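Engineer: fold the following for me, if possible:
(4 chains)
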There are 2 protein chains.
Amino acid sequence: MTDEGRWEDQVLALDNQTCFALYAANRAVTALYRPLLAQLGLTYPQYLVMLVLWEAETSQDMVKVSFLGRRLRLDTGTLTPLLKRLENQGLIWRRRDDGDERVVRLGLTEDGRNLKAQARTVPGQLLCSSGLEPGRLASLRDELRSLLEQLEEGPSGESP
Amino acid sequence: MTDEGRWEDQVLALDNQTCFALYAANRAVTALYRPLLAQLGLTYPQYLVMLVLWEAETSQDMVKVSFLGRRLRLDTGTLTPLLKRLENQGLIWRRRDDGDERVVRLGLTEDGRNLKAQARTVPGQLLCSSGLEPGRLASLRDELRSLLEQLEEGPSGESP
DNA sequence: CCCAAAATGATTGTGCACAATATAATTGTT
DNA sequence: AACAATTATATTGTGCACAATCATTTTGGG
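Structural biologist: You can find the predicted model right below:
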(Lines give C-alpha, C1' and ligand atoms only; values in the text may rest on other atoms or scores of the structure.)
Protein backbone atom coordinates (compact mmCIF):
# COMPACT_ATOMS: atom_id res chain seq x y z
CA MET A 1 0.00 0.00 0.00
CA THR A 2 2.92 2.35 -0.53
CA ASP A 3 2.38 5.48 -2.52
CA GLU A 4 4.57 4.33 -5.38
CA GLY A 5 2.38 1.31 -5.85
CA ARG A 6 -0.43 3.30 -7.40
CA TRP A 7 -1.26 1.94 -10.82
CA GLU A 8 -1.58 5.43 -12.29
CA ASP A 9 2.11 5.92 -11.61
CA GLN A 10 3.13 2.43 -12.59
CA VAL A 11 2.34 3.09 -16.24
CA LEU A 12 4.76 6.02 -16.10
CA ALA A 13 7.54 4.10 -14.35
CA LEU A 14 10.67 4.26 -16.44
CA ASP A 15 11.59 0.67 -15.80
CA ASN A 16 8.24 -0.57 -17.03
CA GLN A 17 8.59 1.02 -20.41
CA THR A 18 9.61 -1.12 -23.34
CA CYS A 19 10.38 2.01 -25.28
CA PHE A 20 13.05 3.13 -22.84
CA ALA A 21 14.59 -0.34 -22.95
CA LEU A 22 14.66 -0.05 -26.74
CA TYR A 23 16.16 3.42 -26.57
CA ALA A 24 18.86 2.47 -24.06
CA ALA A 25 19.72 -0.86 -25.72
CA ASN A 26 20.06 0.81 -29.10
CA ARG A 27 22.55 3.33 -27.77
CA ALA A 28 24.48 0.65 -25.90
CA VAL A 29 24.83 -1.43 -29.05
CA THR A 30 25.87 1.59 -31.10
CA ALA A 31 28.50 2.33 -28.46
CA LEU A 32 29.84 -1.21 -28.89
CA TYR A 33 30.15 -0.64 -32.63
CA ARG A 34 31.86 2.73 -32.28
CA PRO A 35 35.44 1.64 -31.58
CA LEU A 36 35.24 -1.13 -34.20
CA LEU A 37 33.88 1.17 -36.89
CA ALA A 38 36.33 3.92 -35.97
CA GLN A 39 39.04 1.65 -37.35
CA LEU A 40 37.25 1.80 -40.69
CA GLY A 41 36.67 5.55 -40.36
CA LEU A 42 32.91 5.06 -40.26
CA THR A 43 30.05 5.99 -37.95
CA TYR A 44 27.23 3.51 -37.45
CA PRO A 45 24.81 5.16 -39.91
CA GLN A 46 27.62 5.43 -42.44
CA TYR A 47 28.31 1.73 -41.91
CA LEU A 48 24.67 0.95 -42.64
CA VAL A 49 24.85 2.89 -45.89
CA MET A 50 27.97 1.00 -46.89
CA LEU A 51 26.22 -2.30 -46.10
CA VAL A 52 23.46 -1.43 -48.55
CA LEU A 53 25.95 -0.40 -51.21
CA TRP A 54 28.00 -3.56 -50.72
CA GLU A 55 24.83 -5.62 -51.02
CA ALA A 56 23.77 -3.83 -54.18
CA GLU A 57 27.19 -4.10 -55.76
CA THR A 58 26.33 -7.34 -57.47
CA SER A 59 23.07 -6.04 -58.91
CA GLN A 60 23.26 -4.19 -62.19
CA ASP A 61 21.44 -0.94 -61.62
CA MET A 62 23.17 1.72 -59.60
CA VAL A 63 21.66 2.77 -56.32
CA LYS A 64 19.55 5.89 -55.95
CA VAL A 65 19.33 8.02 -52.79
CA SER A 66 15.67 7.15 -52.54
CA PHE A 67 16.52 3.45 -52.45
CA LEU A 68 18.83 3.99 -49.49
CA GLY A 69 16.09 5.98 -47.81
CA ARG A 70 13.56 3.19 -48.17
CA ARG A 71 16.00 0.55 -47.05
CA LEU A 72 17.26 2.38 -43.97
CA ARG A 73 14.11 4.39 -43.22
CA LEU A 74 16.03 7.65 -43.44
CA ASP A 75 15.10 10.83 -45.28
CA THR A 76 17.26 13.04 -47.45
CA GLY A 77 17.84 15.49 -44.64
CA THR A 78 19.87 12.76 -42.99
CA LEU A 79 21.27 11.06 -46.06
CA THR A 80 22.46 13.96 -48.19
CA PRO A 81 25.08 15.29 -45.74
CA LEU A 82 26.05 11.75 -44.72
CA LEU A 83 26.61 10.78 -48.35
CA LYS A 84 28.65 13.92 -48.92
CA ARG A 85 30.92 12.91 -46.06
CA LEU A 86 31.35 9.44 -47.52
CA GLU A 87 32.12 11.05 -50.87
CA ASN A 88 34.71 13.34 -49.26
CA GLN A 89 36.30 10.28 -47.70
CA GLY A 90 36.60 8.80 -51.16
CA LEU A 91 34.44 5.76 -50.41
CA ILE A 92 31.59 6.54 -52.79
CA TRP A 93 30.75 8.72 -55.77
CA ARG A 94 27.54 10.65 -56.42
CA ARG A 95 26.35 11.60 -59.90
CA ARG A 96 23.15 12.96 -61.40
CA ASP A 97 21.39 10.47 -63.60
CA ASP A 98 21.76 11.27 -67.29
CA GLY A 99 18.21 10.32 -68.18
CA ASP A 100 16.46 11.84 -65.18
CA GLU A 101 18.24 14.84 -63.78
CA ARG A 102 16.27 14.61 -60.54
CA VAL A 103 17.88 11.42 -59.30
CA VAL A 104 21.35 11.03 -57.87
CA ARG A 105 23.10 7.75 -58.55
CA LEU A 106 25.51 6.34 -55.99
CA GLY A 107 28.31 3.86 -56.31
CA LEU A 108 31.38 2.52 -54.60
CA THR A 109 34.86 3.71 -55.40
CA GLU A 110 37.82 1.37 -55.38
CA ASP A 111 38.46 2.30 -51.72
CA GLY A 112 34.82 1.76 -50.89
CA ARG A 113 34.85 -1.72 -52.40
CA ASN A 114 38.08 -2.60 -50.65
CA LEU A 115 36.73 -1.57 -47.26
CA LYS A 116 34.31 -4.51 -47.41
CA ALA A 117 37.08 -6.93 -46.57
CA GLN A 118 37.80 -5.17 -43.29
CA ALA A 119 34.09 -4.79 -42.55
CA ARG A 120 33.56 -8.54 -42.72
CA THR A 121 35.35 -8.91 -39.40
CA VAL A 122 33.03 -6.45 -37.63
CA PRO A 123 29.98 -8.66 -36.95
CA GLY A 124 32.17 -11.36 -35.46
CA GLN A 125 34.07 -8.94 -33.25
CA LEU A 126 30.82 -7.40 -32.08
CA LEU A 127 29.28 -10.75 -31.24
CA CYS A 128 32.43 -11.68 -29.38
CA SER A 129 32.78 -8.49 -27.40
CA SER A 130 29.11 -8.54 -26.47
CA GLY A 131 29.23 -12.08 -25.14
CA LEU A 132 25.74 -12.84 -26.43
CA GLU A 133 24.38 -16.10 -27.76
CA PRO A 134 23.67 -16.02 -31.51
CA GLY A 135 20.38 -17.84 -31.02
CA ARG A 136 19.04 -15.28 -28.58
CA LEU A 137 20.13 -12.48 -30.86
CA ALA A 138 18.35 -14.01 -33.81
CA SER A 139 15.10 -14.39 -31.91
CA LEU A 140 15.39 -10.82 -30.65
CA ARG A 141 15.96 -9.70 -34.22
CA ASP A 142 12.82 -11.49 -35.41
CA GLU A 143 10.80 -10.02 -32.59
CA LEU A 144 12.01 -6.51 -33.42
CA ARG A 145 11.34 -7.02 -37.10
CA SER A 146 7.75 -8.06 -36.54
CA LEU A 147 7.30 -5.08 -34.23
CA LEU A 148 8.70 -2.76 -36.88
CA GLU A 149 6.46 -4.34 -39.49
CA GLN A 150 3.37 -3.85 -37.35
CA LEU A 151 4.27 -0.24 -36.59
CA GLU A 152 4.80 0.55 -40.25
CA GLU A 153 1.79 -1.27 -41.64
CA GLY A 154 -1.10 -0.27 -39.44
CA PRO A 155 -0.20 2.70 -37.29
CA SER A 156 -3.71 4.16 -37.38
CA GLY A 157 -7.19 2.89 -38.24
CA GLU A 158 -7.69 -0.81 -38.78
CA SER A 159 -11.08 -0.78 -40.49
CA PRO A 160 -11.16 -3.28 -43.41
CA MET B 1 24.31 -21.38 -55.52
CA THR B 2 23.78 -17.76 -56.33
CA ASP B 3 26.53 -15.28 -55.62
CA GLU B 4 24.61 -13.62 -52.82
CA GLY B 5 24.51 -16.88 -50.94
CA ARG B 6 28.13 -16.67 -49.92
CA TRP B 7 28.45 -16.82 -46.15
CA GLU B 8 31.08 -14.07 -46.08
CA ASP B 9 28.44 -11.72 -47.36
CA GLN B 10 25.64 -13.13 -45.28
CA VAL B 11 27.18 -11.79 -42.09
CA LEU B 12 27.07 -8.33 -43.65
CA ALA B 13 23.50 -8.63 -44.90
CA LEU B 14 21.45 -5.78 -43.49
CA ASP B 15 18.44 -7.93 -42.84
CA ASN B 16 20.44 -10.38 -40.76
CA GLN B 17 21.60 -7.77 -38.32
CA THR B 18 19.88 -7.50 -34.98
CA CYS B 19 21.48 -4.12 -34.52
CA PHE B 20 19.76 -2.65 -37.53
CA ALA B 21 16.45 -4.04 -36.32
CA LEU B 22 17.09 -2.36 -32.99
CA TYR B 23 18.04 0.90 -34.68
CA ALA B 24 15.02 0.94 -36.97
CA ALA B 25 12.53 -0.18 -34.32
CA ASN B 26 13.76 2.48 -31.91
CA ARG B 27 13.20 5.23 -34.43
CA ALA B 28 9.80 3.85 -35.38
CA VAL B 29 8.67 3.85 -31.76
CA THR B 30 10.01 7.34 -31.17
CA ALA B 31 8.07 8.46 -34.23
CA LEU B 32 4.92 7.02 -32.67
CA TYR B 33 5.55 9.03 -29.52
CA ARG B 34 6.24 12.26 -31.34
CA PRO B 35 2.70 13.46 -32.06
CA LEU B 36 1.51 12.42 -28.59
CA LEU B 37 4.34 14.19 -26.80
CA ALA B 38 4.01 17.25 -29.03
CA GLN B 39 0.70 17.88 -27.29
CA LEU B 40 2.66 18.15 -24.03
CA GLY B 41 5.34 20.26 -25.68
CA LEU B 42 7.97 17.56 -25.09
CA THR B 43 10.42 15.58 -27.15
CA TYR B 44 11.02 11.94 -26.28
CA PRO B 45 14.27 12.52 -24.34
CA GLN B 46 12.60 15.40 -22.50
CA TYR B 47 9.71 13.06 -21.66
CA LEU B 48 12.18 10.57 -20.20
CA VAL B 49 13.69 13.26 -18.01
CA MET B 50 10.23 14.25 -16.79
CA LEU B 51 9.45 10.60 -16.03
CA VAL B 52 12.48 10.43 -13.74
CA LEU B 53 11.56 13.69 -12.04
CA TRP B 54 7.95 12.58 -11.56
CA GLU B 55 9.18 9.32 -10.06
CA ALA B 56 11.54 11.11 -7.72
CA GLU B 57 8.95 13.62 -6.65
CA THR B 58 7.84 11.49 -3.74
CA SER B 59 11.38 10.93 -2.49
CA GLN B 60 12.86 13.59 -0.21
CA ASP B 61 16.18 14.50 -1.75
CA MET B 62 16.20 16.65 -4.81
CA VAL B 63 17.55 15.17 -8.02
CA LYS B 64 21.07 15.91 -9.24
CA VAL B 65 22.10 16.05 -12.91
CA SER B 66 24.39 13.10 -12.31
CA PHE B 67 21.44 11.03 -11.09
CA LEU B 68 19.57 11.70 -14.32
CA GLY B 69 22.68 10.75 -16.23
CA ARG B 70 22.98 7.40 -14.50
CA ARG B 71 19.30 6.65 -14.85
CA LEU B 72 19.00 7.52 -18.53
CA ARG B 73 22.59 6.69 -19.55
CA LEU B 74 23.14 10.20 -20.87
CA ASP B 75 26.07 12.53 -20.28
CA THR B 76 26.04 16.21 -19.43
CA GLY B 77 26.71 17.20 -23.01
CA THR B 78 23.22 15.93 -23.75
CA LEU B 79 21.51 16.78 -20.48
CA THR B 80 22.67 20.34 -19.81
CA PRO B 81 21.09 21.92 -22.90
CA LEU B 82 18.04 19.67 -22.62
CA LEU B 83 17.50 20.73 -19.01
CA LYS B 84 17.92 24.38 -19.95
CA ARG B 85 15.15 23.98 -22.49
CA LEU B 86 12.89 22.40 -19.90
CA GLU B 87 13.75 25.27 -17.56
CA ASN B 88 12.91 27.82 -20.25
CA GLN B 89 9.57 26.09 -20.72
CA GLY B 90 8.91 26.57 -17.03
CA LEU B 91 8.63 22.85 -16.28
CA ILE B 92 11.66 22.55 -14.00
CA TRP B 93 14.09 24.67 -12.01
CA ARG B 94 17.86 24.29 -11.72
CA ARG B 95 19.90 25.53 -8.76
CA ARG B 96 23.41 25.05 -7.46
CA ASP B 97 23.56 23.08 -4.25
CA ASP B 98 24.30 25.28 -1.22
CA GLY B 99 26.58 22.76 0.44
CA ASP B 100 28.44 21.55 -2.65
CA GLU B 101 28.80 24.16 -5.34
CA ARG B 102 29.67 21.55 -7.93
CA VAL B 103 26.27 19.90 -8.05
CA VAL B 104 23.13 21.26 -9.70
CA ARG B 105 19.83 20.35 -8.07
CA LEU B 106 16.72 19.90 -10.20
CA GLY B 107 13.08 20.03 -9.31
CA LEU B 108 9.62 20.34 -10.78
CA THR B 109 7.76 23.59 -10.99
CA GLU B 110 4.01 23.78 -10.54
CA ASP B 111 3.57 23.43 -14.31
CA GLY B 112 5.96 20.51 -14.35
CA ARG B 113 4.01 18.69 -11.66
CA ASN B 114 0.71 19.40 -13.37
CA LEU B 115 1.93 17.99 -16.67
CA LYS B 116 2.01 14.54 -15.10
CA ALA B 117 -1.75 14.25 -15.32
CA GLN B 118 -1.69 14.66 -19.09
CA ALA B 119 1.32 12.36 -19.38
CA ARG B 120 -0.55 9.51 -17.73
CA THR B 121 -2.63 9.10 -20.88
CA VAL B 122 0.44 8.70 -23.12
CA PRO B 123 1.35 5.04 -22.48
CA GLY B 124 -2.21 3.95 -23.12
CA GLN B 125 -2.51 5.95 -26.31
CA LEU B 126 0.79 4.57 -27.53
CA LEU B 127 -0.20 1.00 -26.81
CA CYS B 128 -3.48 1.57 -28.59
CA SER B 129 -2.05 3.26 -31.67
CA SER B 130 0.61 0.59 -32.00
CA GLY B 131 -1.85 -2.27 -31.87
CA LEU B 132 0.58 -4.46 -29.93
CA GLU B 133 -0.18 -7.04 -27.29
CA PRO B 134 0.93 -5.99 -23.79
CA GLY B 135 2.31 -9.44 -23.09
CA ARG B 136 4.58 -9.45 -26.10
CA LEU B 137 5.76 -5.97 -25.24
CA ALA B 138 6.62 -7.00 -21.71
CA SER B 139 8.64 -9.98 -22.86
CA LEU B 140 10.44 -7.84 -25.42
CA ARG B 141 11.19 -5.33 -22.65
CA ASP B 142 12.68 -8.04 -20.45
CA GLU B 143 14.77 -9.36 -23.31
CA LEU B 144 16.10 -5.87 -24.06
CA ARG B 145 16.83 -5.23 -20.41
CA SER B 146 18.89 -8.38 -20.02
CA LEU B 147 20.74 -7.48 -23.21
CA LEU B 148 21.46 -4.02 -21.86
CA GLU B 149 22.59 -5.49 -18.57
CA GLN B 150 24.98 -7.86 -20.29
CA LEU B 151 26.40 -5.12 -22.47
CA GLU B 152 26.99 -2.84 -19.51
CA GLU B 153 28.41 -5.44 -17.14
CA GLY B 154 30.96 -7.37 -19.13
CA PRO B 155 31.83 -5.51 -22.29
CA SER B 156 35.46 -6.67 -22.30
CA GLY B 157 37.48 -9.46 -20.66
CA GLU B 158 35.61 -12.18 -18.83
CA SER B 159 38.47 -13.84 -16.93
CA PRO B 160 37.36 -14.78 -13.37
C1' DC C 1 47.59 24.06 5.89
C1' DC C 2 48.82 23.00 0.92
C1' DC C 3 48.60 20.79 -3.10
C1' DA C 4 47.40 16.89 -6.15
C1' DA C 5 43.65 14.07 -7.44
C1' DA C 6 38.94 13.37 -8.01
C1' DA C 7 34.20 14.83 -8.69
C1' DT C 8 30.69 17.57 -11.04
C1' DG C 9 28.96 20.25 -14.63
C1' DA C 10 29.55 23.31 -18.62
C1' DT C 11 31.31 24.12 -23.27
C1' DT C 12 32.64 23.12 -28.01
C1' DG C 13 32.51 20.59 -32.10
C1' DT C 14 30.84 16.79 -35.11
C1' DG C 15 27.31 13.94 -36.80
C1' DC C 16 22.94 12.16 -36.98
C1' DA C 17 17.38 12.54 -37.20
C1' DC C 18 13.55 14.86 -38.76
C1' DA C 19 10.10 18.68 -39.86
C1' DA C 20 9.35 22.20 -43.06
C1' DT C 21 10.39 24.30 -47.04
C1' DA C 22 12.58 25.02 -51.51
C1' DT C 23 14.19 23.74 -56.15
C1' DA C 24 14.28 21.47 -60.18
C1' DA C 25 12.94 17.94 -63.43
C1' DT C 26 9.35 14.85 -65.17
C1' DT C 27 4.77 13.43 -66.31
C1' DG C 28 0.08 13.81 -67.57
C1' DT C 29 -3.69 16.60 -69.32
C1' DT C 30 -5.56 19.40 -72.04
C1' DA D 1 2.72 23.56 -76.39
C1' DA D 2 1.35 25.13 -71.74
C1' DC D 3 0.73 24.00 -67.13
C1' DA D 4 -0.64 21.62 -62.94
C1' DA D 5 0.66 17.81 -60.26
C1' DT D 6 4.09 14.70 -58.98
C1' DT D 7 8.72 13.07 -58.06
C1' DA D 8 13.47 13.34 -56.32
C1' DT D 9 16.71 15.64 -53.97
C1' DA D 10 18.60 19.69 -51.35
C1' DT D 11 18.48 23.21 -47.66
C1' DT D 12 17.49 25.14 -43.14
C1' DG D 13 16.65 24.91 -38.42
C1' DT D 14 16.03 22.40 -33.99
C1' DG D 15 17.25 18.94 -30.87
C1' DC D 16 19.59 15.12 -29.43
C1' DA D 17 24.16 12.04 -28.62
C1' DC D 18 28.78 11.88 -27.53
C1' DA D 19 33.94 12.86 -27.54
C1' DA D 20 37.12 16.09 -25.85
C1' DT D 21 38.22 19.75 -23.16
C1' DC D 22 37.72 23.14 -19.54
C1' DA D 23 36.53 25.24 -15.01
C1' DT D 24 35.34 24.91 -10.32
C1' DT D 25 34.87 22.77 -6.12
C1' DT D 26 35.74 19.29 -2.90
C1' DT D 27 38.58 15.91 -0.71
C1' DG D 28 42.57 13.44 1.01
C1' DG D 29 47.51 12.85 1.96
C1' DG D 30 51.63 14.83 3.45
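Engineer: only C-alpha atoms from now on, for both contacts and neighbour counts.
Structural biologist: OK.
Engineer: how about residue A:106, secondary structure?
Structural biologist: Following DSSP: H, G, I helix; E, B strand; the rest coil, residue A:106 is assigned to strand.
Engineer: that one and residue A:97 touch, don't they?
Structural biologist: No. Contact criterion CA atoms under 8 Å: residue A:106 and residue A:97 do not qualify, at 9.6 Å.
Engineer: more neighbours: which of these two?
Structural biologist: residue A:106 (20 against 14; other CA atoms under 10 Å in any protein chain shown).
Engineer: what residues does the nearest residue to that one once chain neighbours are set aside make contact with?
Structural biologist: Counting by CA to CA, 6 or more residues apart in numbering or on different chains, residue A:106 lies nearest to residue A:94, which is 4.8 Å off, once chain neighbours are set aside. Residue A:94 is in contact with A:87, A:104-107, counting by CA atoms under 8 Å, 6 or more residues apart in numbering or on different chains.
Engineer: what do you get for residue A:22?
Structural biologist: B:22, B:25-26, B:141, B:144.
Engineer: show me the contact partners of stretch A:135-143.
Structural biologist: Residues contacting stretch A:135-143 (CA under 8 Å, 6+ apart): B:16-19, B:21-22, B:140, B:143.
Engineer: any idea which element the residue nearest the centre of chain A lies in?
Structural biologist: Centroid check for chain A by CA atoms, centre = their mean gives residue A:48 as the closest residue, at 5.1 Å. Assessed by DSSP states H and E, residue A:48 sits inside helix A:44-56.
Engineer: right, and the helix or strand after that helix?
Structural biologist: strand A:63-64.
Engineer: does DNA strand D have contacts with that following strand?
Structural biologist: Yes. Judged by CA under 7 Å from any atom of the strand, strand A:63-64 and DNA strand D are in contact via residue A:64.
Engineer: does chain B have contacts with that strand?
Structural biologist: No. Figure legend: strand A:63-64 not in contact with chain B (CA under 8 Å from any CA of the partner chain); closest approach 15.4 Å.
Engineer: now the helices for chain A?
Structural biologist: Taking DSSP state H as the test, the helices found in chain A are A:7-10, A:18-38, A:44-56, A:65-72, A:76-88, A:110-119, A:121-130, A:134-153.
Engineer: how about those helices, which one is nearest residue B:119?
Structural biologist: helix A:7-10 (10.1 Å; CA to CA).
Engineer: and the pLDDT at residue A:134?
Structural biologist: pLDDT for residue A:134: 88.
Engineer: neighbours around it, how many?
Structural biologist: Neighbour number of residue A:134 under other CA under 10 Å is 11.
Engineer: residue A:144 too?
Structural biologist: Neighbour number of residue A:144 under other CA under 10 Å is 23.
Engineer: related to what we said a few turns ago, just the buried ones from the contacts of stretch A:135-143?
Structural biologist: Neighbour counting over those (16 or more other CA atoms under 10 Å in any protein chain shown) leaves B:17-19, B:21-22, B:140, B:143 as the buried ones.
Engineer: ignoring the adjacent residues along the chain, who's closest to residue A:30?
Structural biologist: According to CA to CA, 6+ apart, the nearest residue to residue A:30 is residue A:44 (6.8 Å).
Engineer: gap between the one you found and DNA strand D?
Structural biologist: 11 Å (CA to the nearest atom of the strand, to the nearest Å).
Engineer: show the contacting residues for that residue.
Structural biologist: Contacts of residue A:44 by CA under 8 Å, 6+ apart are A:30, A:33-34, A:37.
Engineer: just send these back as TSV, with pLDDT and neighbour count too.
Structural biologist: Putting the contacts of residue A:44 into TSV (pLDDT from 0 to 100; neighbours: other CA atoms under 10 Å in any protein chain shown) gives the following:
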residue	pLDDT	neighbour count
A:30	96	19
A:33	96	21
A:34	96	15
A:37	97	18
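Engineer: out of these, which comes closest to residue B:150?
Structural biologist: Once CA to CA is applied, the member of the contacts of residue A:44 that ends up nearest residue B:150 is residue A:30, at 14.4 Å.
Engineer: noted, bye for now.
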